[in-house]
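Student: Structure for the following, please:
(2 chains)
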Amino acid sequence: MITELGHFALILALVLACVQATVPLIGAQKRWTGWMAVGDTAAGLQFVMIAIAFAALTHAFVTSDFSLRLVTLNSHSAKPMLYKITGVWGNHEGSMLLWVLIVALFGACAAWFGGNLPPGLRARVLAVQGMIGIAFLAFIIFTSNPFLRLATPPLDGQDLNPLLQDPGLAFHPPFLYLGYVGLSMTFSFAIAALIEGRVDAAWGRWVRPYTLAAWIFLTIGIAMGSWWAYYELGWGGFWFWDPVENASFMPWLISAALLHSAIVVEKRESLKSWTILLAIIAFGFSMIGAFITRSGVLTSVHAFANDPERGMFLLGITALFMMGGLTLFAARAGSMQARGVFSLASRESMLVTNNVLLGVSAFVVFIGTIWPLVAELLFDRKLSVGAPFFDMAFTPFMIVLGAVLPIGAMMPWKRGQMRRVMRQLVPAMVLALAVLGLVWAIQSGRSMMGPVGLCLGTWLVVGAATDIWSRTGLRGDVVSRARRLLRLPRADWGKATAHAGLGVTIAGIAGLLAWEAEDIRVLKTGESFGLAGYTITLQDVRRSEGPNYVATIADMRLSKNGNTISVLQPEKRFYPVADMPTTEAAIDNGFFRDVYVVIGDPQNDGGWAVRTYYKPLANWIWGGAILMALGGALSLSDRRYRIAAGAHKTVVDGVPAE
Amino acid sequence: MKRLAFILALIASPLFAVQPDEVLDDPALEARARELSTGLRCLVCRNENIDESNAPLARDLRLLVRTRLVAGDSDDQAVDFIVDRYGEYVLLQPRATGSTVMLWLAGPLMLLVAAGIALLYIRRRGQATPDADRLSDDEAARLRDILNE
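Tutor: Below you'll find the predicted structure:
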C-alpha cells in the first residue's frame, strides 16, 4: 500500500513538473503575477511528492519488502540497517530517484528562499527547473521504475554488492548528486537570463551561491569517493582516471571555472556571455556523466546499469537540453555587452587565464574519456586511454595553474602592476624554492615529482597567507593589522582557505606518488619484516563472523625502534549471499604518512600473503579537499549573499515633522 | 554520476594483484616489470592495469612481462612483444601514430586557440571606451518607463 502511494506520488510529481515548466513561463512572458506565482507552489509540491515517493521506497528497503523487484535485487534481510537504508540509492533506479529528489529540492529552494529575485526571473528559473524535472521523472517512470512488483516474491533478497556495504555509500553518492544537480540550478539561471536577455551584476550575485554550493558538494563527493577507494580496494589507489571518475571531475573543473568567471560578472560586468556558456556546459557535463555511468558505452569499473535503451533516453535528454540551451545562447549572446575595461595586468585577465586553464584541462579529460569511442567509430581502431595518458596530458595544466594562482589572486582589478604584486610575493617564492632545494637534496636522485609538488604546495599555501595578510592594508603595525584580519569579509577567508587547500592537495598527491613504498611477501605467524623504518609483525590470524559475512582477521603489530605504535587488524571477508570476497585494509593514519596493511590468502607452506604500503602525505590529499570545501563554505556564508542581493531594502526612517 | 557503484566491480576478488610468488629476485628487473605492468591493460577487466588486477589473464600477462625481461628484452621490446599478440588495446597510453596523433594534439591545440581568443578579448577590453557608467539603450528606455509611471 505504501509502495503504491509512493508510485502514485511519483506520477503526480511528473504532472506537477509539467505545470511548473509551462505556467510560470507564460506568466513571466505576459507579466501575469498569478501565473508566475504558480511556479513557487508547484516547485514546493513537486518536492513533497518526490520526497513521499523516496520515503516509500526507503520504507520498502527497511522492511525488506521482497515483493518489490528492486529490493529483491539489492537487499537481504540479514543486511545491517545502515546498508538497508543506503541500499536505496546503491542501485540505478533508486539513485535516479535520489537525483530527481535533489532536482526538486533545488527548485523548491529557489521558490522558498528566492524572495529577493525579481518575480519574472524566479518564474523562468523555476520553469526551466521544471523542464529538467519532467525529463528525469519521465526517464524514471518509463525506463527505470523503482516501484515494479514481482508476481512471486522470493523468500529473501540477493543482497547488495559487498563493496557497497560501507559507510562511504551513505555520503559519497548524495554529495555527488547535490553537486551534479546543483549545476542544474546554474543552468536554469543561465537559460532564464537568456530568455530575459539581461545579465548584470545582480544576476552574477544570485547565481554564484548555487554555483558555489554545487562546487562544494562536488568537492566533498569526489574526495569521499577517492578516500573510499583508497581504503576499500586493498592497494591504496586514490584516483584511477576511470571514465566515471572523469565524469565527476569534468563538472568539477568547469564549475570551478564558472565560480571564478561569475565573480567577474558580479564585480566588473565582463565575461557575461562566457559565464552563461560555462553554466550551460557545466550542466551538460553533469548529464554526460549520467549517460556514461548508466549506458555502458564506455567500460568502467563503476559499472552501473548497462542498458542501451536507458542510454539512448539519457543521450536524448542531454542532446535536447544542450541543443536548446546552446541555440538560445547563439541567438541571444550578442545582446550581452561587456562593460568593464581592464588591462593585461589585472584581476580580470588573471581570471580569464584561470578559465582558459580549467576549461582546456576539462577538455583534455573529456577527449581522453571519449577517445576510445571516437577511435572505434571513426577509425576502426580499438584502443585504450588510461591513467598514463591523463597523467601526462592533464598534469601540466595543474602545474601552470598552481604557479600563476597566487599572482592572480593578489592582482588588483582593472589595472595592476605585475612588479608590485611580485614584490609582495617574494617571501612566498623564496620559501617555495627553499623547499624545492631541501626536498631535492634529501631525496637525492629520484624523480622531480616530489620536490616540484612540495614547492608548488608551499607556494600556494604561503601565497594564500600573503594574500589575506595584504588585505589588511599595507600600513599599520602588526597588532592592528592582525586585528583587522579577523574583521575581513568571510569571502576573503574563503578564498585564501580554498587556495591553500589546493596547495595541500597538490603536495599530498606529489608526495604520495613520489615516495610510496610497497612490500609483498609471505609471512608466517610470529614473523616480522621492515619497511621504511617500521617493523611489522604478524602476531595472529583468526576467523570471525559478521552479520552477513565471514572474515579472516590478522593481528599485525606496527612498531618503530622497538616501540609499538599500534596493532593493525586487516580483514578478508567473504559474503556468501553475493558469493563475493572483499578486503578490508587496516591503516595507521598519521599526519606525515599512512601505513597500510592488507592480508591475503593462506599459502601452501602455512604462511599468509601480506601486502604493506608506506604512503607518505596520503592524508594531505583529502585534507586539502576538506580545506577547499571549507573555503567554499566560508565564501558562501559571506554577508553579501545573505542580505537581499541587488534589491535595495527600503528602510523607512521616521522623518521629523517640521 | 555515480561513481556510485564504483568501485564496484573493481577488483572483483580480493586476492592480491601481484602475488608473492611472481616477484622476481632481481629488484631492478622487478621494478622495471612493475613499471611496465602499470601501462598495460587487463583485457578482461573493466579499466584496470595488469598490476592492479586479480584476473587470471592479468597474472599471465605479468608473468609474460617478467619472462621477457628475464630473457633480456629491453622495455620497448617486451611491450612490443605483448602488443603484437594482444593488439594496441592492451596499451593504456595509446601510441601517437595515425589518427591517435589527434588525441595527443587536441589538448595543446585547444590551449593555443583558447589562449589566442582570451588574448584578443583582453586586448579589446583594454582598448574599449569606458562606458561602465553609461546606460544601455534598453536601460535608458526602462528608466524612462519607470519615471513616467
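Student: now stretch A:339-351, how far from the centre of its chain.
Tutor: Centroid separation for stretch A:339-351 versus its chain: 29 Å, with CA atoms, centre = their mean, to the nearest Å.
Student: got it, and stretch A:401-414?
Tutor: The chain centroid and the centroid of stretch A:401-414 are separated by 24 Å, computed with CA atoms, centre = their mean.
Student: For that stretch, buried residues please.
Tutor: Going by neighbour count (16 or more other CB atoms under 10 Å in any protein chain shown), the buried part of stretch A:401-414 is A:L401, A:G402, A:L405, A:P406, A:I407, A:G408, A:A409, A:M410, A:M411, A:K414. Heads up, the C-betas are built off the backbone N, CA and C, glycines and all.
Student: Sort out for me which of these are in strands.
Tutor: Using DSSP state E, no member of the buried residues of stretch A:401-414 falls within strands.
Student: Number of residues surrounding the residue lying closest to A:L315 once chain neighbours are set aside?
Tutor: In this structure, A:L315 finds its nearest non-sequential neighbour in A:F291, 5.5 Å apart by CB to CB, 6 or more residues apart in numbering or on different chains. As a burial measure, A:F291 scores 23 neighbours (other CB atoms under 10 Å in any protein chain shown).
Student: what's near enough to touch A:F291?
Tutor: A:F291 sits next to A:V297, A:G311, A:L314, A:L315, A:T318 when contact means CB atoms under 8 Å, 6 or more residues apart in numbering or on different chains.
Student: Quick check: can you list the domain ranges of chain B?
Tutor: B:20-90, B:96-128 (automatic domain parsing).
Student: what would the ones you listed look like in CSV with mean neighbour count and mean pLDDT?
Tutor: Below are the domains of chain B laid out as CSV (neighbours: other CB atoms under 10 Å in any protein chain shown; pLDDT from 0 to 100):
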stretch, mean neighbour count, mean pLDDT
domain B:20-90, 17, 86
domain B:96-128, 15, 88
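Student: for these, which one sits closest to A:M36?
Tutor: Minimum separation from A:M36 across these (CB to CB) falls at domain B:96-128, 36.3 Å.
Student: So what's the gap between the closest one and the chain middle?
Tutor: 20 Å.
Student: Kindly report the same for stretch B:50-66.
Tutor: Remark: stretch B:50-66 is offset 21 Å from the chain centroid, using CA atoms, centre = their mean.
Student: Could you find which two of the buried residues of stretch A:401-414 are furthest from each other?
Tutor: Based on CB to CB, the longest span within those runs between A:G402 and A:K414 and measures 25.2 Å.
Student: just the strands in chain A please.
Tutor: Using DSSP E, strands in chain A cover A:517-523, A:528-531, A:534-545, A:550-560, A:563-568, A:571-575, A:580-584, A:586-588, A:593-602, A:608-616.
Student: ok, which residues in the stretch 301-450 of chain A are in contact with chain B?
Tutor: Contact residues (CB under 8 Å from any CB of the partner chain) of the stretch 301-450 of chain A with chain B: A:301-304, A:337-344, A:348-349, A:352-353, A:355-356, A:359-360, A:363-364, A:367-368, A:371, A:375, A:378-379, A:381-389, A:392-393.
Student: got the buried residues of stretch A:401-414 as JSON lines, with pLDDT columns?
Tutor: Converted to JSON lines, the buried residues of stretch A:401-414 look like this (pLDDT from 0 to 100):
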{"residue": "A:L401", "pLDDT": "95"}
{"residue": "A:G402", "pLDDT": "94"}
{"residue": "A:L405", "pLDDT": "94"}
{"residue": "A:P406", "pLDDT": "94"}
{"residue": "A:I407", "pLDDT": "93"}
{"residue": "A:G408", "pLDDT": "92"}
{"residue": "A:A409", "pLDDT": "92"}
{"residue": "A:M410", "pLDDT": "91"}
{"residue": "A:M411", "pLDDT": "90"}
{"residue": "A:K414", "pLDDT": "85"}
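Student: with the residues you listed in mind, which one is nearest to chain B?
Tutor: Among the buried residues of stretch A:401-414, A:K414 lies closest to chain B (CB to the nearest CB), at 9.6 Å.
Student: any residues touching stretch B:57-71, and which ones?
Tutor: With CB under 8 Å, 6+ apart as the criterion, stretch B:57-71 contacts B:17-19, B:22, B:24, B:29-30, B:32-33, B:36-37, B:40, B:42-45, B:48, B:50-51, B:77-78, B:81-82, B:86, B:90.
Student: can I get the CA coordinates of it in PDB?
Tutor: The C-alpha trace of stretch B:57-71 is given here as PDB (Å, rounded to 0.1, in the frame of the first residue of the first chain):
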ATOM      1  CA  LEU B  57      44.700 -13.200 -17.500                       C
ATOM      2  CA  ALA B  58      46.400 -10.300 -15.800                       C
ATOM      3  CA  ARG B  59      48.600 -12.800 -13.900                       C
ATOM      4  CA  ASP B  60      49.500 -14.500 -17.100                       C
ATOM      5  CA  LEU B  61      50.500 -11.200 -18.700                       C
ATOM      6  CA  ARG B  62      52.500 -10.200 -15.600                       C
ATOM      7  CA  LEU B  63      54.400 -13.400 -15.800                       C
ATOM      8  CA  LEU B  64      54.900 -12.900 -19.500                       C
ATOM      9  CA  VAL B  65      56.300  -9.500 -19.000                       C
ATOM     10  CA  ARG B  66      58.700 -10.900 -16.400                       C
ATOM     11  CA  THR B  67      59.700 -13.800 -18.600                       C
ATOM     12  CA  ARG B  68      60.600 -11.400 -21.400                       C
ATOM     13  CA  LEU B  69      62.600  -9.200 -19.100                       C
ATOM     14  CA  VAL B  70      64.500 -12.100 -17.700                       C
ATOM     15  CA  ALA B  71      65.200 -13.300 -21.200                       C
END
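Student: Nearest residue to the middle of chain B?
Tutor: B:Q93 (7.7 Å; CA atoms, centre = their mean).
Student: Phi, psi for it please.
Tutor: phi -110, psi 100 (degrees, to the nearest 10).
Student: pLDDT wise, what is the residue lying closest to it once chain neighbours are set aside at?
Tutor: For B:Q93, ignoring the flanking residues on the chain, the nearest one in space by CB to CB, 6+ apart is A:P388 at 3.6 Å. At A:P388, the model reports a pLDDT of 90.
Student: Just confirm A:P388 contacts B:P94, I think it does.
Tutor: No - applying CB atoms under 8 Å as the test, A:P388 and B:P94 come out as separate, 9.3 Å apart.
Student: Need the overlap of contacts for those two.
Tutor: Taking CB under 8 Å, 6+ apart as the criterion, A:P388 and B:P94 do not both touch any residue.
Student: neighbour-wise, which of the two wins?
Tutor: Neighbour count, other CB under 10 Å: between A:P388 and B:P94, B:P94 has more, with 24 against 18.
Student: Taking the stretch 51-200 of chain A, what residue is nearest to chain B?
Tutor: Going by CB to the nearest CB, chain B is nearest to A:P173 of the stretch 51-200 of chain A, at 4.7 Å.
Student: Outline the domain layout of chain A.
Tutor: A:1-165, A:169-178+A:189-301+A:333-414, A:415-515+A:619-629, A:517-618.
Student: how near is the closest residue in space to A:P146 that isn't next to it in sequence to A:M224?
Tutor: When the adjacent residues along the chain are set aside, A:P146 lies closest to A:E93, with 3.8 Å between them (CB to CB, 6+ apart). Separation of A:E93 from A:M224 (CB to CB, to the nearest Å) stands at 23 Å.
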